[in-house]
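Visitor: give the three-dimensional model of this entry:
(one chain, ligands or ions: 1)
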Amino acid sequence: MRKTIIAGNWKMYKTINEAIDLANNLKRELFKVNFAAVDVVLCPVFTALSEVAEVLNETDIQLGAQDIYWQDEGAFTGEVSGLMLKDAGCRYVIVGHSERRQFFGETNETVNKKIKAALKHGLTPIICVGENLQERESNNTFKVIQEHIKGGLADISAQDLLKTVIAYEPVWAIGTGKTATPEQAQEVHKFIRDLLRKMYGEELACSIRIQYGGSVKPENIAELMAKPDVDGALVGGASLKVDSFSSIVIKASEVLK
Ligand code: PGA
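Guide: I've put the predicted structure just below:
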């Protein structure tokens with residue numbers, strides 16, 4: 001049994017007060033329903049982490065960050081360490097998001113270091129993998145996914161990998177309104193699970209959660225979740241509004257796996 005996980009990636013949106021408001025409103029909305037079947041995670045900007053942690057205190061909604069640096073402290077201007085994320089109240093951290101790969105030089109090697117740093121501090125890394133449009137159109141999707149998985153997970157033990165979440169996010173579906181079809185998502189999720197089976201064995205492959213990300217909204221969450229290898233969603237745009245994000249959580253919790 002894999003517990004569904006829905007995470008909201010707020011990206012570079014929301015001031016501290018706006019983040020507090022959104023978290024409070026989500027808390028209020030989700031309080032009305034039973035979402036015990038779903039792990040819910042909110043990932044605001046660094047500056048709002050502590051305040052959102054306070055809002056989420058004593059709720060079942062978890063806090064996550066959007067990035068991590070692999071050193072604990074030092075002369076690394078602009079970076080934030082796992083130690084500091086833990087200190088701010090985080091339980092999760094997104095690693096290797098395509099926007100970081102695309103705009104900030106993230107590579108499979110740096111992703112690997114960040115995963116190790118997250119694990120060292122007891123944070124659950126949400127490890128993002130995914131092909132861009134050109135890679136898909138040139139039939140290189142599986143090759144790219146395999147490189148992201150093998151490179152990102154180098155020297156990570158099965159025991160540690162069990163403490164992670166994978167997010168498949170086709171770059172061409174992020175923020176474009178163009179969702180992968182449930183069949184396209186399932187095909188890649190299955191490929192990832194089969195690859196992990198070869199690398200780590202049956203038990204791990206069956207236990208690890210693989211989220212889908214890319215234009216997830218209330219209208220498509222149920223059909224995506226109905227696929228056997230889709231264990232949740234990493235939601236960008238639709239996580240910035242109370243109605244759409246709470247609706248995604250509720251609909252995901254209604255899908256029987
Ligand atoms: P989107 O973003 O839902 O806005 O497409 C998803 C993500 O980047 O994690």
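Visitor: which residue is the nearest non-sequential neighbour of the closest residue to the ligand within the stretch 101-250 of the chain?
Guide: Distances between the stretch 101-250 of the chain and the ligand by CB to the nearest ligand atom are smallest at residue 236, namely 2.2 Å. No exception for glycine: its C-beta is placed from N, CA and C like everyone else's. Excluding its sequence neighbours, the residue lying closest to residue 236 (CB to CB, 6 or more residues apart in numbering) is residue 9, at 5.1 Å.
Visitor: could you pull out the strands for the stretch 51-200 of the chain?
Guide: Under the criterion DSSP state E, counting those that start in this stretch, strands of the stretch 51-200 of the chain are mapped to 61-65, 92-95, 124-129, 165-168.
Visitor: residue 175 and residue 235 touch, don't they?
Guide: No. Using CB atoms under 8 Å, residue 175 makes no contact with residue 235, being 11.3 Å away.
Visitor: stretch 245-257 - what's its average pLDDT?
Guide: On average, the pLDDT along stretch 245-257 is 94.
Visitor: could you check how far the residue lying closest to residue 57 once chain neighbours are set aside is from residue 72?
Guide: Nearest residue to residue 57, sequence neighbours excluded (CB to CB, 6+ apart): residue 89, at 7.9 Å. Computed with CB to CB, to the nearest Å, the distance linking residue 89 and residue 72 is 17 Å.
Visitor: okay, these two: which has more neighbours?
Guide: residue 89 (17 against 12; other CB atoms under 10 Å).
Visitor: I figured that one hits residue 49, correct?
Guide: Yes. Contact criterion CB under 8 Å: residue 89 and residue 49 qualify, at 6.6 Å.
Visitor: common neighbours of the two, please.
Guide: residue 63 (CB atoms under 8 Å, 6 or more residues apart in numbering).
Visitor: residues from this protein in reach of the ligand?
Guide: Along the chain, the residues adjacent to the ligand under the rule CB under 6 Å from any ligand atom are 9, 169, 174-175, 213-216, 234-238.
Visitor: those in strands, which ones?
Guide: Those of the residues of the chain next to the ligand mapping onto strands are 9, 213, 234-235, per DSSP state E.
Visitor: hmm, back to that, and the residue nearest to residue 236, what are its bridge partners?
Guide: residue 43 (DSSP bridges).
Visitor: what about this structure, any weak spots by pLDDT?
Guide: Low-confidence segments of the chain (pLDDT under 70): none present.
Visitor: what is the neighbour count of residue 206?
Guide: Residue 206, neighbours per other CB under 10 Å, totals 12.
Visitor: just confirm it is within a helix.
Guide: Yes. When DSSP: H, G, I helix; E, B strand; the rest coil is applied, residue 206 is found to be in a helix.
Visitor: need the three-state assignment for the closest residue to residue 15 other than its chain neighbours.
Guide: Nearest residue to residue 15, sequence neighbours excluded (CB to CB, 6+ apart): residue 48, at 7.6 Å. Look at residue 48: counting by three-state DSSP, its state is helix.
Visitor: from residue 16, how far off is residue 48?
Guide: Distance from residue 48 to residue 16, by CB to CB: 5 Å.
Visitor: for residue 38, same thing?
Guide: Taking CB to CB, one finds residue 38 at 27 Å from residue 16.
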